[in-house]
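Q: output the structure for:
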Amino acid sequence: MLPSQADFPLTRFRRARQSPAIRALVRESTLSVDDFIWPVFVRSGAGIEEPVPSMPGVMRRSVDRVVEAAREAADLGIRAICIFPYTALEERTEDCAGAWDPENHANRAIRAIKAAVPEIAVMTDVALDTYNINGHDGFVEDGEIVNDRTVEALVRMTLAQAEAGADIIGPSDMMDGRIGAMRAALENAGHHNVMILSYAAKYASAFYGPFRDAVGASAALTGDKKTYQMDPGNSDEALRLIARDLREGADMVMIKPGLAYLDICRRVKESFGAPTFAYQVSGEYAMIQAAAQNGWIDGDRVMMESLMAFKRSGCDGILTYFAPAAARLLSKPA
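A: Below you'll find the predicted structure:
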């Protein structure tokens, strides 16, 4: 229950809004460049920066250009970058063997970034969708996305990424039991300091469309992901999933998507107090960019307002494609 306050005119809330200096003094939530993880897309080739049409301003980059992006991030004060591989349809297979190949795009990018920009933390994605001819996060057998066989493959993928030098493993697959299996494998292999940021509450959302374009999964996907990603109508289930993943060894947890699920972010942070992240996903990003390009909104202000919403909901950090643009704005004098 809120404490009682004096009535008007003894209490005038506008006193605390009268100037930028006063507003800054009483601001309850703050946004910092330290809050950002920047997702980037890596592809084959060299010297390539290829626009993603459904995500204005976002590129697929060859490994050498991803290294340049990591340098840019470090110069802007962004402390973490997340690698997502683009895999063309002809490079995908049913056995998904490319996922744990030490020489795949993602693992080469991890090694190159850690060699050139060692101070930046590198996060990865663990799921089979970017290597799977079916476009799913797990193996497909007789029309079913199977769990336990998929977990075995995800462990192999995890170890390959850890060997490449990843600081943070990001399992986004939503298979049951994968966090415990990954944590045990990392410990047994001596990767005691590699962290797991679990996509613990990932919903079966329509907001992922542009991302699937960016990684080449749109054309590959058969059916939908509703048998393993969460039902958007569920809230209590998210808390059960978070509790399980923390118990199995997750260091941090993620809610995905972000803006449409801020209530989940708040419940998770209040219930567990664990480091809590949200992903401002491709559809959220694309909507803001499209409206800004049409002159319907002030793009910079809406970008910053949307990012502040995550902090206000209790998030400790945000995966966002806006990271470089927001970092530049935050570096300007108020």
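Q: how about the one helix or strand in the chain whose mean pLDDT sits lowest: buried residues?
A: None of the helices or strands of the chain scores lower by mean pLDDT, DSSP states H and E than helix 209-215, at a mean of 79. For helix 209-215, the buried set under the neighbour-count rule, 16 or more other Cβ atoms under 10 Å, comprises 209-215. Placement of C-beta: from N, CA and C, glycine included.
Q: between those, which is closest to V194?
A: Comparing these against V194 with Cβ to Cβ places V215 closest, at 22.9 Å.
Q: nearest spatial neighbour of the closest one, chain-adjacent residues omitted?
A: Leaving aside its chain neighbours, V215 sits nearest to T130 (4.8 Å; criterion: Cβ to Cβ, 6 or more residues apart in numbering).
Q: circling back: packing partners of the next helix or strand after the least confident helix or strand of the chain?
A: Once the chain leaves helix 209-215, the next helix or strand it forms, by DSSP states H and E, is helix 236-248. Helices and strands touching helix 236-248, by 3 or more Cβ pairs under 8 Å, 6 or more residues apart in numbering; DSSP states H and E, are helix 178-188, strand 195-202, strand 252-256, helix 262-272.
Q: quick one: closest of those to V117.
A: Going by Cβ to Cβ, the one of the helices and strands packed on helix 236-248 nearest V117 is strand 195-202, 18.3 Å.
Q: rounded mean pLDDT for the closest one, please.
A: The predicted model gives strand 195-202 an average pLDDT of 97.
Q: give me the below-cutoff pLDDT ranges for the stretch 101-250 of the chain.
A: Segments of the stretch 101-250 of the chain classed as low confidence (criterion: pLDDT under 70) are 216-220.
Q: surely Y228 meets V140?
A: No - in this structure, Y228 is not within contact of V140 by Cβ atoms under 8 Å, at 11.4 Å.
Q: gap between the helix or strand harbouring R23 and the chain center?
A: Per DSSP H and E: R23 is located in helix 20-26. Its chain's C-alpha centre lies 31 Å from the corresponding centre of helix 20-26 when counted by Cα atoms, centre = their mean, to the nearest Å.
Q: likewise for stretch 315-334?
A: Here the centre of mass of C-alpha atoms in stretch 315-334, compared against the chain's by Cα atoms, centre = their mean, lies 15 Å away.
Q: one step back: TSV for the helices and strands packed on helix 236-248, including distance to A80 and mean neighbour count?
A: As requested, the helices and strands packed on helix 236-248 are exported to TSV (distance: least, Cβ to Cβ, whole Å; neighbours: other Cβ atoms under 10 Å):
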stretch	distance to A80	mean neighbour count
helix 178-188	19	19
strand 195-202	10	26
strand 252-256	11	25
helix 262-272	19	18
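Q: great, nothing more from me.
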